[in-house]
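Enquirer: Make a model of this:
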Amino acid sequence: MKHERTFHCKFAEVKSSKSLALCILQAFFIVAALNGRAAAQQNDTITLSCHGFGSHFMSAMYRGWTTDTLILLDSFTRRDSVAVSSPNDSSFYIQNGKLPVDSTRPFPFLVIFQPTKLKSDTITVTFSRDSCTFSLTIYATALGPAPDYSTFYLTNAPQVIAMQYTSDSAFLHARIQNAQASTVQIESIKFQYGEAFHLDTTFNQWPIALPPGQSFDIPISFQSTFIGFRSDVLIVSMPNHPILPEVAIAVQGVRLTPSSVISQSSTTNFWLYPNPAYGAITIHSDGVINLHVKVTDILGRTLREANFVQDWTWDGASASGQQNAPGTYYFDVSGISDDGQPVHEVRRVALLR
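Expert: Below you'll find the model as predicted:
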């Protein structure tokens, strides 16, 4: 099942209203092709009535954006169009104009929220026909990066896992808690797209039985090859649950500055795997000679140094053989490329236990 709550504009670095308009157009045709079926499962259905009012809540990461698809229905039986108007607000992109809304057919209405500041925002959209008006108030929240070990609940309420980084990658433990009254059986956990966000763990046994109020941690990494905003959906599948067979949690990330991992040609000379790791971490290189690596901790203290050819594996130990505690470490790697140019990259790694 597709989840359309957060529309994913693939590999688009949205910087202008023009590029946002293209994403709106893409989203419109996707939702129209689905006849509103997927969107109705994930978004609010708004029934327009004379002199009525409604509300909708949405959230997006600061420096990012999100698209919600509202399903509009008309309480009147006759087919007609309604006029849509909203105040000019740089944080919202609303479909103003005439919309063909009637009671027999749901109409997908797209709202984009792109926070310009780290604060909450509100906008009122007015739907009018003849002497009737309907007011829809949209309450939007701008999110900063989620702290490590933030808790997210197995519920159908909207939730966002927000991440950002300015160096090599972002890493976050998401704590998933059972908010139901009984034990749930989780059959699978995965990302809908799995391009920029990844689960850095392997669950060895399914299903996972999670009693009420209990939680478990999921390590998530975010790494993007371009500057800007990415989004995905974390899907927790519980097919045997009578009411909530699936939970969809929006995942959003922003890469703010160029990473030392990516060179000007958008290539890298070194690869680290696995990262994060529960054991040994291997560094692999192509087309580089005279390789040297230095492993340091977050305080800059050198733990290990080595010269190597093509591949080198760190077992998590310092030069004395003592195993290091779980945490963040850095690989400072240098060498000479095939064309005789010096190569130097600093890579961040997460060591788990």
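Enquirer: Any idea how many residues pack against Ile71?
Expert: Close neighbours of Ile71, defined as other Cβ atoms under 10 Å, add up to 20. Where you see a C-beta, it was placed from the backbone N, CA and C, and this is true even at glycine.
Enquirer: Contacts for whichever helix or strand Arg175 is part of, please.
Expert: Assigned by DSSP states H and E, Arg175 belongs to strand 170-177. Taking Cβ atoms under 8 Å, 6 or more residues apart in numbering as the criterion, the residues outside strand 170-177 that touch it are 145-146, 148-154, 161, 163-164, 189, 200, 210, 213-223, 234, 236, 253, 276, 328, 350.
Enquirer: cool, stretch 147-163 as well?
Expert: If you take Cβ under 8 Å, 6+ apart as the criterion, stretch 147-163 is touched by 5, 57-61, 64, 66, 143-146, 170, 172-180, 184, 197, 210, 215, 217, 220, 222, 234, 236, 238, 244, 247, 249-254.
Enquirer: Tell me where the stretch 51-200 of the chain has strands.
Expert: Secondary structure of the stretch 51-200 of the chain by DSSP state E, counting those that start in this stretch: the strands cover 52-61, 66-74, 82-85, 92-94, 97-99, 107-113, 120-129, 132-143, 150-153, 160-165, 170-177, 184-186, 188-191, 197-199.
Enquirer: which of those has the lowest average pLDDT?
Expert: Set side by side, the strands of the stretch 51-200 of the chain show their lowest mean pLDDT on strand 97-99, which sits at a mean of 81.
Enquirer: that older thread, so for Gly340, which of the strands of the stretch 51-200 of the chain sits nearest?
Expert: Within those, the stretch nearest Gly340 is strand 160-165; the backing value is 32.1 Å (Cβ to Cβ).
Enquirer: Just the buried positions in the strand holding Arg175, please.
Expert: 170-174, 176-177 (16 or more other Cβ atoms under 10 Å).
Enquirer: State the pLDDT value of the residue located most distally from the centre of the chain.
Expert: In the chain, counting by Cα atoms, centre = their mean, Ser131 sits farthest out from the average C-alpha position, at 42.4 Å. The predicted structure scores Ser131 at 82 on the pLDDT scale.
Enquirer: how about low-confidence regions in the stretch 201-350 of the chain?
Expert: 202, 257-268, 299 (pLDDT under 70).
Enquirer: isn't Glu195 right up against Asp232?
Expert: Yes - because the distance of 7.2 Å satisfies Cβ atoms under 8 Å, Glu195 is recorded as touching Asp232.
Enquirer: who has more neighbours, these two?
Expert: Set side by side, Glu195 and Asp232 show unequal neighbour counts under other Cβ under 10 Å, the larger going to Asp232 at 24 against 15.
Enquirer: Name all residues that make contact with the more buried one.
Expert: By Cβ under 8 Å, 6+ apart, the contact set of Asp232 is 6, 8, 191-197, 250-251.
Enquirer: Let's verify it: helix, strand, or coil?
Expert: Applying DSSP: H, G, I helix; E, B strand; the rest coil to Asp232 yields a three-state assignment of strand.
Enquirer: separation between it and Gly253?
Expert: 8 Å (Cβ to Cβ, to the nearest Å).
Enquirer: Please enumerate the shared neighbours of those two.
Expert: When contacts are counted by Cβ under 8 Å, 6+ apart, Asp232 and Gly253 have 196-197 as shared neighbours.
Enquirer: Counting neighbours, what do you get for His56?
Expert: The local packing of His56 (other Cβ under 10 Å) involves 17 other residues.
Enquirer: Report the contact partners of the residue lying closest to Tyr273 once chain neighbours are set aside.
Expert: Leaving aside its chain neighbours, Tyr273 sits nearest to Thr282 (5.9 Å; criterion: Cβ to Cβ, 6 or more residues apart in numbering). Thr282 is in contact with 272-273, 311-314, counting by Cβ under 8 Å, 6+ apart.
Enquirer: Filter the residues you listed down to the buried ones and hand me the ChimeraX line.
Expert: Command for ChimeraX, covering only those of these found buried under the criterion 16+ other Cβ under 10 Å:
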select :272,312,314
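Enquirer: Using CSV, please lay out the contacts of Thr282 together with secondary structure.
Expert: Compiled in CSV, the contacts of Thr282 are given as follows (three-state DSSP):
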residue, secondary structure
Leu272, strand
Tyr273, strand
Asp311, strand
Trp312, strand
Thr313, strand
Trp314, strand
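Enquirer: between the contacts of Thr282, which is nearest Arg301?
Expert: Ranking the contacts of Thr282 by separation from Arg301, with Cβ to Cβ as the measure, puts Trp314 on top at 15.1 Å.
Enquirer: Before I go, just wanted to say thanks for your time.
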